[in-house]
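Undergrad: 3D, please:
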Amino acid sequence: MTDRTADRAQARRISRGCALLITQDGILYKSQGNQILRSDNEGVSWTLDCYIAFRSWKDVCATMTAGRRALRWSVSALRVLADGSRVAVAKDGIYRAAPGAVRMQRVQSFGGASRPLGMGLDSRGRLCYGDYYSGRSSAGVDKHVYMSDDGGVHFHVVATFASNDIRHVHNVLFDSYLNVWWLLVGDFDAQPGIGVLEPETGKVEWVVRGCQQARTVGAIVTEDELLFGTDSELEPNLIMRLAKSSGCLSVVEPSPGPSLYACRMAGFNWISTDVEPLQYTEQRLSAALLTSCDSGTFTVAGTWKKDRLDCVLFGFGTVVLPVVEGRGDGGPCMLSGHGLTGLDGVVVAGHDAVAVIGSSSELGIQ
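TA: Numbering: from 1, shown residues only. Below you'll find the model as predicted:
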């Protein structure tokens, strides 16, 4: 091994799992099966932080690749509170581990809804998420936004939407610049929207509503704008910019596909796309990772082919980006993949963006 190859291998750390969280202190968290692991050294080594106890034979089957993907069993989101509590989103509910505890306890179930796509955390330690329905059978069902102000011990409803007002909640993001919550909802006709949620009153001030360009799952919250990729199977997807001061929604550039993840990490803006059934064009076969050093032009840093397992039965193919606490102007990098050749169930971590993107041969980048 040459010195250059050795340096690159040291800078880029590969392990199994799903990327979850990078804290302001640079601590990395990932999930692997029913376990949540942490790394204090940018992914060089991982230790068990907490876990969810198996509840049935389905949980055991989910430790295998096909079972994990078919059953959708995984820990998909995590928040770490100031007191050390950890609160996670799993398939069957919200789980919490008290400070110092290793075993997580379920504190909230989802009823007839699917797991939420994200969970926000504000500067006061409040947690927030909304109902998500994966099928079109949510008609006639009211949708709710939930909040916890006691460290994830209890959640209560802070906003309710009439059955057909929205299809589901995509995400609730806290804006540390304005000290407000951004609410992202979908999916069809007049339903998609981006607005500011007031948890105290349950009111939402819609900034943009009723178009596929306002349909998004993850957004980068900067001082002046929200930057995101659209998530539409109905029309061509775009990278969009929503100016906070004016509420003006504008196109940055076309996107190579629907987007589920966006974050600012290690001084770059990151947006990933997925592979899913589309109505406006032929099926795309690759997911992409887009990066930008500002809110201008994005560069395709890599593409990964969808693997052979069916999108509907075994999940979309996508590049998974973590939640990044703070402003994301420095610190380590981490990403993972789902349903992608060379990246499914793989976490890649490193001390900078170049190190994580790395050489194409090891990750299967086309």
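Undergrad: any idea how far residue 257 lies from residue 146?
TA: 30 Å (C-beta to C-beta, to the nearest Å). Every residue, glycine included, has its C-beta placed from N, CA and C.
Undergrad: more crowded one of those two?
TA: Per other C-beta atoms under 10 Å, whichever of residue 257 and residue 146 has more neighbours is residue 257, with 27 against 23.
Undergrad: how about the nearest residue to that one, chain neighbours excluded?
TA: In space, and not counting its chain neighbours, residue 257 is closest to residue 273: 3.6 Å by C-beta to C-beta, 6 or more residues apart in numbering.
Undergrad: tell me the contacts of the one you found?
TA: 229, 237, 255-259, 287-288, 290, 318-319 (C-beta atoms under 8 Å, 6 or more residues apart in numbering).
Undergrad: Could you rerun that using 7 Å?
TA: Neighbouring residues of residue 273 by C-beta atoms under 7 Å, 6 or more residues apart in numbering: 229, 255-259, 287-288.
Undergrad: Redo those residues as TSV? Include pLDDT, distance to residue 267 and secondary structure.
TA: Formatted as TSV, the contacts of residue 273 follow (pLDDT from 0 to 100; distance: C-beta to C-beta, whole Å; DSSP: H, G, I helix; E, B strand; the rest coil):
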residue	pLDDT	distance to residue 267	secondary structure
229	97	19	strand
255	95	22	coil
256	93	23	coil
257	93	25	coil
258	94	26	coil
259	96	20	coil
287	93	23	strand
288	94	20	strand
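Undergrad: Could you export these as JSON lines, including distance to residue 38?
TA: Converted to JSON lines, these look like this (distance: C-beta to C-beta, whole Å):
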{"residue": "229", "distance to residue 38": "29"}
{"residue": "255", "distance to residue 38": "32"}
{"residue": "256", "distance to residue 38": "33"}
{"residue": "257", "distance to residue 38": "31"}
{"residue": "258", "distance to residue 38": "31"}
{"residue": "259", "distance to residue 38": "27"}
{"residue": "287", "distance to residue 38": "27"}
{"residue": "288", "distance to residue 38": "29"}
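Undergrad: still on that earlier bit, look at the residue nearest to residue 257 and report its pLDDT.
TA: Note on residue 273: pLDDT of 95.
Undergrad: could you measure it against residue 337, distance?
TA: Distance, residue 273 to residue 337, using C-beta to C-beta: 12 Å.
Undergrad: and the closest residue to residue 116 other than its chain neighbours, what pLDDT?
TA: Leaving aside its chain neighbours, residue 116 sits nearest to residue 129 (4.2 Å; criterion: C-beta to C-beta, 6+ apart). Listed pLDDT for residue 129 reads 97.
Undergrad: same question, residue 59
TA: With respect to pLDDT, residue 59 has a value of 60.
Undergrad: Would you map the helices across the stretch 1-150 of the chain?
TA: For the stretch 1-150 of the chain, helices defined by DSSP state H, counting those that start in this stretch occupy the ranges 3-11, 57-61, 65-71.
Undergrad: Each with direction, which strands does whichever helix or strand residue 250 is part of pair with?
TA: In this structure, residue 250 sits in strand 249-254 according to DSSP states H and E. When pairing is defined by DSSP bridges, strand 249-254 lines up against strand 238-243 (antiparallel).
Undergrad: Contacts for the strand it pairs with, please.
TA: For strand 238-243, the external contacting residues (C-beta under 7 Å, 6+ apart) are 194, 207-208, 213, 224-230, 249-255, 271, 295, 298.
Undergrad: Name the residues of that strand that are buried.
TA: Residues of strand 238-243 classed as buried by neighbour count (16 or more other C-beta atoms under 10 Å): 238-242.
Undergrad: which regions of the protein lie under the pLDDT threshold?
TA: Where the chain drops to pLDDT under 70, the residues are 1-12, 55-72, 135-137, 280-283, 311, 354-355, 357-366.
Undergrad: And the residue nearest the centre of the chain, its phi and psi?
TA: Nearest to the mean C-alpha position of the chain, by C-alpha atoms, centre = their mean, lies residue 261 at 5.0 Å. Note on residue 261: its backbone torsions stand at phi -130, psi 140 [degrees, to the nearest 10].
Undergrad: Roughly how far does it sit from residue 242?
TA: Distance from residue 261 to residue 242, by C-beta to C-beta: 17 Å.
Undergrad: what's the answer for residue 40, then?
TA: 36 Å.
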